[in-house]
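1. got a predicted structure here, sequence first:
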Amino acid sequence: MNDDYKRTEPVGPNSNDHKSATAAEKPSTTYIYESSNSAKDLKASYEKELGIHMGLMNASGGGGRRKRAGAGSARTMLASFLVGAMVIGGFSYMADKNNLFSAGQAPVTQQTSGEAPDGSAQQDAGISTASFNTSDDIADVYAEASPAVVKIETYAEPQRSASMFDDPAFRQFFGGGRGGQEQQQTQEQSAAELELTGSGTGFFFESDGYILTNEHVISGAKEVKVTVQGYDEPLTAEVLGSSYDLDLAVLKVESPDGNEFPALKLGSSEDTKIGDWVMAIGNPYGFDQTLTMGVLSAKERPITISDEQGEYQYEHLLQTDASINPGNSGGPLLNEEGEVIGINTAVNAEAQGIGFAIPTTTITKVLEQLKTNTL
């Protein structure tokens with residue numbers, strides 16, 4: 001037995017007397033291919049087996065009749081052919097497995113559509129594609145723009161609960177109720193302790209402390225506080241001017257250390273196209289400095305908003321599917337370059353992915369008037 005093939009002798013009455021066996025009783029040989037052998041070993045086995053059969057052929061030709069010699073020769077040739085076929089097949093398999101004829105090149109693998117053999121992307125003929133690197137570019141825009149985005153909190157006097165002790169008729173009947181001095185102290189304490197009534201977002205558009213936001217964010221506020229990145233305490237803001245019809249307001253804060261504030265550039269909403277990437281930064285539900293991303297869904301949208309003063313029609317709004325929630329109001333809507341193209345102002349509560357922003361074309365027309373409260 002050798003390493004390349006296994007030779008099995010037949011089991012029978014004359015299996016131990018090979019020399020006296022006739023040609024018809026010659027043992028048959030079974031060959032089992034094992035793919036783990038090398039090409040060199042296969043060749044050696046082939047030569048060995050060929051020698052054995054040549055010996056058998058010579059032996060049969062010397063002492064037998066012509067008919068038997070011819071039959072033995074035919075069988076020997078057939079066996080040799082089978083051995084050769086198996087050796088050549090095994091050599092081909094080993095050559096393919098060991099990559100003998102490809103000069104060290106990597107085997108060819110299946111390619112996907114639009115991919116070059118080296119693994120790089122390949123553009124299909126006649127088709128042009130455009131891509132936007134949202135992983136790096138968006139992160140850079142956020143890192144540069146977010147310090148200019150502020151959180152706005154409004155404070156007002158707490159609502160006094162109606163009580164029968166505050167009724168003048170009751171006080172007159174019961175001799176002043178709880179007492180005039182006690183009542184006066186309670187009123188003074190209530191006036192001094194303002195309570196938080198709402199919060200929203202704004203952003204610096206000038207480095208000397210001018211902030212843009214929505215009018216409904218600061219509406220009815222007794223005091224406005226602005227949280228700016230880099231400062232431990234909120235800054236008190238002054239409302240310079242506001243417009244209910246446009247839902248815009250301008251605030252002003254003073255720098256405690258005399259340094260300039262980071263500011264965002266007002267871009268052109270006219271230059272934007274439907275499908276452009278947009279980003280919103282704000283403080284939805286108190287989650288400060290939240291970034292959401294989407295596309296510009298539509299332009300020149302008119303919507304009707306209802307509030308305590310009734311219904312009002314807003315014109316020329318930008319529509320986006322970037323998530324806008326309560327607390328985002330007054331925050332910037334940015335384009336891919338980090339420029340402000342709108343102020344986030346409203347969201348349809350019955351829909352998903354439909355938000356609206358006041359375009360910069362509307363803002364820039366009235367900005368100076370808002371700063372001077374002459375609108």
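-> In hand now; what should we look at? All figures in this text were calculated on a predicted structure; none of them were measured in a lab.

2. roughly how far does Y285 sit from V226?
-> With distances taken as Cβ to Cβ, to the nearest Å, Y285 is found 19 Å from V226. Every residue, glycine included, has its C-beta placed from N, CA and C.

3. who's more crowded, these two?
-> Applying other Cβ atoms under 10 Å to Y285 and V226 shows that V226 carries more neighbours, namely 21 against 11.

4. quick one: contacts for that one?
-> V150, K151, I152, E153, G202, I211, P234, L235, T236, A237, L251, V253 (Cβ atoms under 8 Å, 6 or more residues apart in numbering).

5. can you get me a residue count around the second one?
-> Put plainly, it is K151. Neighbour number of K151 under other Cβ under 10 Å is 22.

6. check which element follows the longest strand along the chain along the chain.
-> Counting residues, the longest strand in the chain under DSSP state E turns out to be strand 290-307. Going down the chain from strand 290-307, the next helix or strand is strand 310-320, by DSSP states H and E.

7. the helix or strand following that following strand - which strands sit beside it in the sheet, and in what orientation?
-> Later in the chain than strand 310-320, the nearest helix or strand by DSSP H and E is strand 332-334. When pairs are called by DSSP bridges, strand 332-334 turns out to pair with strand 277-282 (antiparallel), strand 340-347 (antiparallel).

8. these: which one's closest to D307?
-> Checking the strands paired with strand 332-334 against D307 by Cβ to Cβ gives strand 340-347 as the closest, at 10.7 Å.

9. can you give me the strands for this protein?
-> Going by DSSP E, the chain shows strands at 149-156, 195-206, 210-213, 223-227, 235-243, 248-252, 277-282, 290-307, 310-320, 332-334, 340-347, 355-359.

10. elements contacting the third one?
-> Other helices and strands packing on strand 210-213, by 3 or more Cβ pairs under 8 Å, 6 or more residues apart in numbering; DSSP states H and E, are strand 149-156, strand 195-206, strand 248-252, helix 360-372.

11. what do you get if the cut-off is 10 Å, keeping everything else the same?
-> With contacts taken as 3 or more Cβ pairs under 10 Å, 6 or more residues apart in numbering; DSSP states H and E, strand 210-213 sits against strand 149-156, strand 195-206, strand 223-227, strand 235-243, strand 248-252, strand 340-347, helix 360-372.

12. which parts of the longest strand of the chain are buried?
-> Buried residues in strand 290-307, counted by 16 or more other Cβ atoms under 10 Å: T290, L291, T292, M293, G294, L296, S297, K299, R301.

13. so E260 makes contact with G230?
-> No: applying Cβ atoms under 10 Å as the test, E260 and G230 come out as separate, 11.7 Å apart.

14. which regions of the stretch 1-150 of the chain sit below the pLDDT cut-off?
-> Under the criterion pLDDT under 70, the flagged ranges of the stretch 1-150 of the chain are 1-43, 45-47, 49-74, 79, 83, 87, 90-135.

15. the stretch 251-375 of the chain now?
-> Looking at the stretch 251-375 of the chain by pLDDT under 70, you get an empty list.

16. nearest to A221, of the strands paired with strand 332-334?
-> So among the strands paired with strand 332-334, strand 340-347 is nearest, using Cβ to Cβ, at 17.4 Å.

17. rewinding a little: reformat the strands of the chain as CSV; add distance to V141.
-> Compiled in CSV, the strands of the chain are given as follows (distance: least, Cβ to Cβ, whole Å):
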stretch, distance to V141
strand 149-156, 12
strand 195-206, 14
strand 210-213, 18
strand 223-227, 21
strand 235-243, 25
strand 248-252, 24
strand 277-282, 6
strand 290-307, 9
strand 310-320, 15
strand 332-334, 6
strand 340-347, 12
strand 355-359, 16
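
18. let me know which of those is tucked in deepest.
-> strand 332-334 (a mean of 31; mean count of other Cβ atoms under 10 Å).

19. nothing else from me, thank you.
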